[in-house]
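1. The following comprises the amino acid sequence and a computationally predicted model.
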Amino acid sequence: MQTVKMVVTGPFSAGKTEFIQSVSEIDVVSTERKISSREERSVKDATTVAMDFGRITVDEDLVLYLFGTPGQKRFDFMWEILSEGMLGFIVMVDSTRPETFREARSILETFRAYAPTPYVVAANKQDKKDAWDVEDMRHALRLDAKTKLLPCTATDRKSVKEVLLQLLYSILAEMESGG
């Protein structure tokens with residue numbers, strides 16, 4: 001049995017916990033705590049402080065372990081710990097909050113520095129009417145044409161599976177090329 005560790009990261013409230021909850025076959029181990037800051041509470045009620053953990057069995061030979069990072073800077077000490085042993089990562093970006101794009105780019109660069117593993121960028125909340133177009137997001141995030149920028153809705157299991165599959169294909173291609 002092959003296990004693949006994937007990390008789901010991104011800015012505060014990008015949809016990381018929902019993404020993992022949509023596909024995990026186990027109850028997600030979550031370390032969410034109530035938010036005390038009025039500004040952050042205006043976006044959501046709770047935040048991940050250490051990690052989220054979920055698991056999905058692809059087939060009898062392959063299991064994915066999904067680790068969600070905290071999105072707030074004050075918990076970024078967990079990022080490096082969670083990145084250890086990862087074979088790939090997903091950067092979640094809220095398509096409706098362009099003010100978080102710069103932070104998403106910074107998180108992407110941080111994780112690339114931790115480990116030169118394959119990654120994809122998930123443009124979350126594409127089901128919302130005020131979501132940015134994926135190609136406009138590519139430009140704003142300064143992503144080259146080779147980087148997989150995938151439309152996503154974190155609450156939709158099929159959408160989440162497609163993002164995971166695209167990352168898995170990148171990981172397998174890297175393994176086959178000996179990278």
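-> All right, it came through fine. Numbering: from 1, shown residues only.
2. what about the strands in this protein?
-> Assigned by DSSP state E, the strands in the chain fall at 2-9, 29-34, 46-59, 62-68, 88-94, 119-124, 149-151.
3. where along the chain do the helices fall?
-> 16-23, 38-41, 77-83, 101-114, 134-140, 157-176 (DSSP state H).
4. Would you tell me which one of those helices is buried the most?
-> helix 16-23 (a mean of 24; mean count of other C-beta atoms under 10 Å). C-beta here means a position set from N, CA and C on the backbone, and glycine is covered the same way.
5. returning to what we had before: ok, of the strands of the chain, where does mean pLDDT dip lowest?
-> Among the strands of the chain, strand 29-34 carries the lowest mean pLDDT, at a mean of 66.
6. OK, contacts around the residue most central in space within the chain?
-> Of all residues in the chain, the one closest to the mean position by C-alpha atoms, centre = their mean is Val8, 3.0 Å from it. The contact partners of Val8, by C-beta atoms under 8 Å, 6 or more residues apart in numbering, come to 16, 19-20, 52, 66-69, 89-90, 92.
7. returning to that earlier point: looking at the helices of the chain, spot the one closest to Ile56.
-> Of all the helices of the chain, it is helix 16-23 that lies closest to Ile56, at 5.1 Å by C-beta to C-beta.
8. what residues does that closest one touch?
-> Helix 16-23 has contacts (C-beta under 8 Å, 6+ apart) with 8-10, 28, 30, 32, 48, 52-54, 56, 66, 68-69, 71, 90, 92, 122, 124, 152, 154-157, 160-161, 163-164.
9. Try it again at 6 Å.
-> Applying C-beta atoms under 6 Å, 6 or more residues apart in numbering, the contact partners of helix 16-23 are 8, 10, 28, 48, 52, 54, 56, 66, 68, 92, 154-155, 157, 160.
10. ok, back up a step: of the contacts of Val8, just say which sits nearest to Trp79.
-> Thr69 (5.4 Å).
11. Just the buried residues of the contacts of helix 16-23.
-> Using 16 or more other C-beta atoms under 10 Å as the burial test, the contacts of helix 16-23 include 8, 10, 28, 48, 52, 54, 56, 66, 68, 92, 154, 160 as buried.
12. List the buried residues of stretch 63-78.
-> 64-72, 75, 78.
13. tell me how far it is from the chain's mean position?
-> 9 Å (C-alpha atoms, centre = their mean, to the nearest Å).
14. before we move on, what about stretch 89-99?
-> For stretch 89-99, the distance to the chain centre is 9 Å (C-alpha atoms, centre = their mean).
15. right, and the helices of the chain - which one's nearest Val4?
-> Short answer: helix 157-176, nearest of the helices of the chain by C-beta to C-beta, at 6.5 Å.
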